[in-house]
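*Asks:* next come a sequence and a model predicted from it.
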Amino acid sequence: MAQRPWRRTGMKPPAPAAVGALLALALLALIHLPPPPDHSLLLLPASSSPREVAVPLSGGQAHRGGLPMSRTRLRREQAPGRSRKRRGVERDTPPWLSADDLQKMWLLSRGQVVSKSRVPAHGQVMRVGLRAVGDARGDAKGDVSPASPEGDCQDGRCGLIKRPGDLYEVLAFHLDRVLGLNRSLPAVARRFSSHLLPYSYTSGAPRPVIWWAPDLQHLEDANNDQNSCALGWLQYQQMLQPHRPMPVAGDAPCSSIPHSEWSRLALFDFLLQVHDRLDRYCCGFQPDPSEPCVEEMLHEKCRNPAELVLVHILVRRSAPSRLVFIDNAGRPQHPEEKLNFRLLQGIDSFPAAAVAALRSGRLQSLLLESLRLDRELWESQGGAEGLRPLLRTIDRRAQILLRHIQEHNLTVFEDSPR
């Protein structure tokens, strides 16, 4: 009979107890081995919509309405040298959003609704007073004092709730910041549940909320109160004439607004196809019969340029030489063959930083990086994949604008400080 190995080597067979002990030690070692590294986060494609972690702008608990950050961005934020501290806000946020932008976005997305008021002649638009959680006024015990709509708005704690169909205005705000224009008011998407609001505002659909600037300058004329100055199309075109000396402030309507402001406005409105400011009569394209400019018989006035006026030309009393862009919802579905080039008429130069962003080839990715901060908009639109058709449309218009600049040998100018 063949010898067993341990007999051939002169070793004694191990006792059964010893074998059991060795097996137990081996099992313990296997149990305590560290798990293999998880590479799943590193394999996410750039276009995917990873699970997001809510990160409030000003700290506090994570919640649905906060401003989100993907796992990948969260890892980047935690890496050495990535965080930036601005006025107490320390987050890995895009550099084109200022600390003031972030604070206003936080108020709009999380502020408690404490008052409401209708905006005359603006249909479904509702102005609401907002208070940050823990913002106690007038009571040592911490109870919120009775709301004063006018007082809250004068203190910069109000927002305009607009229609669900105006959500494009939130994307317009981020486009404004990505391009370095900085003329739009902060905007976020939000779902409301406040008992102070009518049911139509709390039915679950996200709506855009726009920060209410307390010092917008309005004309006293009740028929023209959506302007800071009355300006006709012919006057506007005369102001844009090259080599024309700038008039002294006060000697003509809107005379304190420099040429560069109109260039910013024209570029912005062309990308979004906003007609209401520079071409509310739809003179620059053939409108469909359902267009408001046709239904209201405005389009007929195109035959007489002297009757054409500009609308929503607004400035703030604190900065009378800077335009404020409002009502920026634009037309995401406006067909390319009907793009309104009249919006660019008379403009012979554009801001260098904005043109550089359009030329970079990164416009879509920059917008996605910015839009991720608005969790409500991001989720309601289906994340990156849901937003890409809109972003491709803007990018396509950007390429058409760049071709227009090249074909007409237009120039760029350096931007003034923010």
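*Replies:* Good, I have the coordinates.

*Asks:* state the distance from V294 to K301.
*Replies:* Per C-beta to C-beta, to the nearest Å, V294 is found 12 Å from K301. (Glycine included, C-beta is placed from N, CA and C.)

*Asks:* contact partners for L343?
*Replies:* A266, D269, F270, Q273, V274, H275, L278, D279, G284 (C-beta atoms under 8 Å, 6 or more residues apart in numbering).

*Asks:* let's see that with 10 Å instead.
*Replies:* By C-beta atoms under 10 Å, 6 or more residues apart in numbering, the contact list for L343 reads 265-275, 277-279, 284-285.

*Asks:* out of the residues you listed, the closest to F341 would be?
*Replies:* G284 (6.2 Å; C-beta to C-beta).

*Asks:* I figured the closest one hits V274, correct?
*Replies:* No. G284 is beyond contact range of V274, at 11.8 Å (criterion: C-beta atoms under 10 Å).

*Asks:* can you list residues touching both of these two?
*Replies:* What both G284 and V274 touch, as defined by C-beta under 10 Å, 6+ apart, is the set N340, L343.

*Asks:* the two: who's more crowded?
*Replies:* V274 (26 against 19; other C-beta atoms under 10 Å).

*Asks:* what's the helix or strand for that one?
*Replies:* In this assignment (DSSP states H and E), V274 forms part of neither any helix nor any strand.

*Asks:* then G159?
*Replies:* Using DSSP H and E, G159 maps to strand 158-161.

*Asks:* over to A354?
*Replies:* Using DSSP H and E, A354 sits within helix 352-359.

*Asks:* now swap in I210 and tell me
*Replies:* Assigned by DSSP H and E, I210 falls in strand 207-211.

*Asks:* now do R322
*Replies:* Secondary structure from DSSP H and E places R322 in strand 319-324.

*Asks:* could you pull out the buried residues of that strand?
*Replies:* Residues of strand 319-324 classed as buried under the neighbour-count rule (16 or more other C-beta atoms under 10 Å) are R322, L323, V324.

*Asks:* equivalent analysis for stretch 150-158, please.
*Replies:* D152, C153, R157, C158.

*Asks:* ok, stretch 287-306 next?
*Replies:* Within stretch 287-306, the residues scored as buried using 16+ other C-beta under 10 Å are P287, E291, C293, V294, L298, H299, K301, C302.

*Asks:* doesn't the first one belong to a strand?
*Replies:* No. When DSSP: H, G, I helix; E, B strand; the rest coil is applied, P287 is found to be coil, with no strand at that position.

*Asks:* roughly how far apart are it and H404?
*Replies:* 21 Å.

*Asks:* returning to that earlier point: so what strands line up beside the strand holding I210?
*Replies:* strand 158-161 (antiparallel), strand 187-190 (antiparallel) (DSSP bridges).

*Asks:* save these as a markdown table, and put in distance to V133 and mean pLDDT too.
*Replies:* Compiled in a markdown table, the strands paired with strand 207-211 are given as follows (distance: least, C-beta to C-beta, whole Å; pLDDT from 0 to 100):
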| stretch | distance to V133 | mean pLDDT |
| --- | --- | --- |
| strand 158-161 | 16 | 96 |
| strand 187-190 | 15 | 98 |
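
*Asks:* strands of the chain, start to end?
*Replies:* Counting by DSSP state E, the segments of the chain that form strands are 52-55, 67-70, 84-86, 89-91, 112-118, 126-131, 158-161, 187-190, 207-211, 314-316, 319-324, 349-351, 411-413.

*Asks:* L387: which of the ones you listed is closest?
*Replies:* Per C-beta to C-beta, nearest to L387 of the strands of the chain: strand 187-190, 12.0 Å.

*Asks:* quick one on the thing from earlier: now pLDDT and distance to H334 too, for the buried residues of stretch 287-306, in JSON lines please.
*Replies:* Below are those laid out as JSON lines (pLDDT from 0 to 100; distance: C-beta to C-beta, whole Å):
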{"residue": "P287", "pLDDT": "95", "distance to H334": "10"}
{"residue": "E291", "pLDDT": "92", "distance to H334": "11"}
{"residue": "C293", "pLDDT": "95", "distance to H334": "13"}
{"residue": "V294", "pLDDT": "96", "distance to H334": "15"}
{"residue": "L298", "pLDDT": "96", "distance to H334": "17"}
{"residue": "H299", "pLDDT": "97", "distance to H334": "16"}
{"residue": "K301", "pLDDT": "97", "distance to H334": "21"}
{"residue": "C302", "pLDDT": "97", "distance to H334": "18"}
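
*Asks:* include distance to S98 when you put those into TSV, please.
*Replies:* Shown next, in TSV, are the buried residues of stretch 287-306 (distance: C-beta to C-beta, whole Å):
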residue	distance to S98
P287	38
E291	37
C293	36
V294	40
L298	37
H299	40
K301	40
C302	40
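
*Asks:* now, which of these sits nearest H195?
*Replies:* The closest of those, once distances to H195 are taken by C-beta to C-beta, is E291, at 38.2 Å.

*Asks:* wait, that closest one sits on H299?
*Replies:* Yes. Using C-beta under 10 Å, E291 makes contact with H299 at a distance of 7.6 Å.

*Asks:* where does the stretch 251-400 of the chain have low pLDDT?
*Replies:* Scanning the stretch 251-400 of the chain for pLDDT under 70 picks out 251-253.

*Asks:* an error on my part: the question was meant for the stretch 51-200 of the chain.
*Replies:* The stretch 51-200 of the chain contains residues with pLDDT under 70 at 51-91, 121-122, 134-149.

*Asks:* got the residue ranges for the helices in it?
*Replies:* 71-78, 99-110, 149-154, 168-178 (DSSP state H, counting those that start in this stretch).

*Asks:* same question for the stretch 301-418 of the chain.
*Replies:* 352-359, 363-371, 375-380, 383-407.

*Asks:* and the last one, what does it pack against?
*Replies:* Of the remaining helices and strands, those touching helix 383-407 by 3 or more C-beta pairs under 10 Å, 6 or more residues apart in numbering; DSSP states H and E are helix 168-178, helix 259-272, strand 349-351, helix 352-359, helix 363-371, helix 375-380.

*Asks:* go with 8 Å
*Replies:* With contacts defined as 3 or more C-beta pairs under 8 Å, 6 or more residues apart in numbering; DSSP states H and E, the packing partners of helix 383-407 are helix 168-178, helix 259-272, helix 352-359, helix 363-371.

*Asks:* pick the most deeply packed of these.
*Replies:* The highest mean neighbour count among these, using mean count of other C-beta atoms under 10 Å, belongs to helix 168-178: a mean of 24.

*Asks:* so it versus helix 383-407, what angle?
*Replies:* Following axes from the mean of the first three to the mean of the last three C-alpha atoms, to 10 degrees, one obtains 60 degrees for the angle between helix 168-178 and helix 383-407.
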